[in-house]
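Participant: Below: sequence and its predicted model.
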Amino acid sequence: VQLQASGGGLVQAGGSLRLSCAASGPSFSTYHMGWWRQAPGKEREFVAAINWSGGSTYYAESVEGRFTISRDNAKNTLYLQMNSLKPEDTAVYYCAAGDVVPRDYWGQGTLVTVSS
């Protein structure tokens with residue numbers, strides 16, 4: 001599966017962004033999907049994940065209640081709705097797919113910058 005993330009940009013603190021991840025290739029609907037992020041000078045960290053059907057979601061504590069992960073298997077697309085953004089959310093965001101943990105296949109990142 002090939003993944004391409006989009007939707008990043010510059011936003012003020014408290015604002016919202018919606019990231020998308022378009023998948024090409026077969027079997028998107030069979031993969032567990034996730035979003036990860038990497039801030040400057042820091043290691044990549046988990047943000048959110050969703051199972052193959054969309055019936056189960058998981059969030060990092062730092063984004064719980066502010067971010068929502070979803071998927072549309074008919075459109076082969078993964079989403080991340082980000083609300084109440086904070087400067088510490090500034091990072092390059094990556095989408096990923098996997099058979100068990102969503103980190104086997106990676107897309108290119110999309111930069112999110114939150115200004116204070």
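Facilitator: Structure's in. What do you need?

Participant: distance of the residue most central in space within the chain from Arg66?
Facilitator: Nearest to the geometric centre of the chain sits Trp35, at 3.0 Å (C-alpha atoms, centre = their mean). Counting by C-beta to C-beta, to the nearest Å, the separation of Trp35 from Arg66 is 13 Å. Yep, even glycine has a C-beta here, placed from its N, CA and C like the rest.

Participant: thinking again about what came up before, now for the residue nearest to the centre of the chain: which residues touch it?
Facilitator: Each residue near Trp35 by C-beta atoms under 8 Å, 6 or more residues apart in numbering is listed here: Leu19, Cys21, Val47, Ala48, Ala49, Ile69, Leu78, Leu80, Tyr93, Tyr94, Cys95, Ala96.

Participant: What of Asp99?
Facilitator: Contact analysis of Asp99 by C-beta under 8 Å, 6+ apart lists Tyr31, His32.

Participant: mind listing the strands in this structure by residue range?
Facilitator: 2-6, 9-12, 17-24, 32-38, 45-50, 57-59, 67-72, 77-82, 91-98, 105-106, 110-115 (DSSP state E).

Participant: Could you list the buried residues of the third one?
Facilitator: When you say that, I think you mean strand 17-24. For strand 17-24, the neighbour count (16 or more other C-beta atoms under 10 Å) marks Leu17, Leu19, Ser20, Cys21, Ala22, Ala23 as buried.

Participant: Over to stretch 54-69?
Facilitator: Neighbour-count burial for stretch 54-69 [16+ other C-beta under 10 Å]: Tyr59, Val63, Phe67, Thr68, Ile69.
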